[in-house]
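*Asks:* model this:
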Amino acid sequence: DTGTQGKGRVQLELNSEYGKEDEDGVKEKIFEFAPIVSYGLIDNIDIIFGIPYQWIKVEDSTIPQEFKEDGLSDISFEIKWRFFEKDGLSIAIKPGISFPTGDENKGLGTGKIGYSVFLITTKEIKPVNLHLNIGYVRNENKLNERKDIFHLSLAGEYEATEKLKLVANIGTETNSDSTVKTDPSFALVGFIYAFSENFSIDAGYKYGLNKPETDNTYLLGITLKF
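*Replies:* Sure thing, here's the model as predicted:
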């Protein structure tokens, strides 16, 4: 969404996801723990740091062979600027850069500095909030992947109660695999429960709508504000 923390405020997100893929006898399981720290420079500008850590396990029944790796993935730095806000409509831009802190030989990173820019639009129609994300990622890499990645997604939040929000998201993104033409698409459902103004938890399930997308992904997070 286009929301920011406010000047001097800090938000810590402890995000995790567990994805499972089973294709042609190859089973892949990926667990990622990704803390994200946001700091409000001024009321409508945040700086954001992401520090992901991954565990990867691949089993190939056709060989048979098992592959395991874990380690720090590519760290990211972003700036979110909400530059327009009127009558429940707000627009923000979020440029970012990723650093090759993950080992590309272990499948944990790209091996090169990359950058991105996202345009985010939020519309409040109580009790529903809608969020449209349009993005471009320059996927510089040493892995022979596509370098130009485009993203499109639409999310919705429904305020079921004062503390509970039900959420849904659908989207697609250019396939980074240069040998595959079909772009992965997903649908996601979940909830956010706020115990207080400064503490909430969230959980979700993401389903791959086509073959290139990960079949099943389970998400769990905690958000703390200071």
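*Asks:* Can you give me the separation between Gly171 and Asp183?
*Replies:* Distance of Gly171 to Asp183, computed by Cβ to Cβ, to the nearest Å: 10 Å. In this view, the C-beta of every residue, glycine as well, is placed from N, C-alpha and C.
*Asks:* Please disregard the earlier target; I meant Asp148.
*Replies:* From Asp148 to Asp183 the distance is 12 Å (Cβ to Cβ).
*Asks:* So for those two, which sits in the more crowded spot?
*Replies:* More neighbours surround Asp183 than the other of Asp148 and Asp183, with 17 against 10 (other Cβ atoms under 10 Å).
*Asks:* Do you know the pLDDT at the more buried one?
*Replies:* What the model reports for Asp183 is a pLDDT of 97.
*Asks:* my guess is it is in a strand, correct?
*Replies:* No. Assessed by DSSP: H, G, I helix; E, B strand; the rest coil, Asp183 does not belong to a strand; its assignment is coil.
*Asks:* partners of the lengthiest strand in the chain, with directions?
*Replies:* Counting by DSSP state E, the longest strand found in the chain is strand 26-42. Strand 26-42 pairs in its sheet with strand 10-23 (antiparallel), strand 45-50 (antiparallel), strand 53-60 (antiparallel), by DSSP bridges.
*Asks:* So for Ala92, which of those sits nearest?
*Replies:* Within the strands paired with strand 26-42, the stretch nearest Ala92 is strand 45-50; the backing value is 9.3 Å (Cβ to Cβ).
*Asks:* Please state the mean pLDDT value computed over the closest one.
*Replies:* pLDDT averaged over strand 45-50 gives 98.
*Asks:* Show me the strands in the protein, by range?
*Replies:* Using DSSP E, strands in the chain cover 10-23, 26-42, 45-50, 53-60, 65-72, 75-86, 89-99, 114-125, 128-138, 148-159, 164-173, 185-196, 199-208, 216-225.
*Asks:* Tell me the backbone dihedrals of Glu162, please.
*Replies:* phi -60, psi -30 (degrees, to the nearest 10).
*Asks:* An error on my part: the question was meant for Lys126.
*Replies:* Per degrees, to the nearest 10, the backbone of Lys126 is at phi -50, psi 130.
*Asks:* Let the chain start at 36 from now.
*Replies:* Sure thing, new numbering starts at 36, so read that last one as Lys161.
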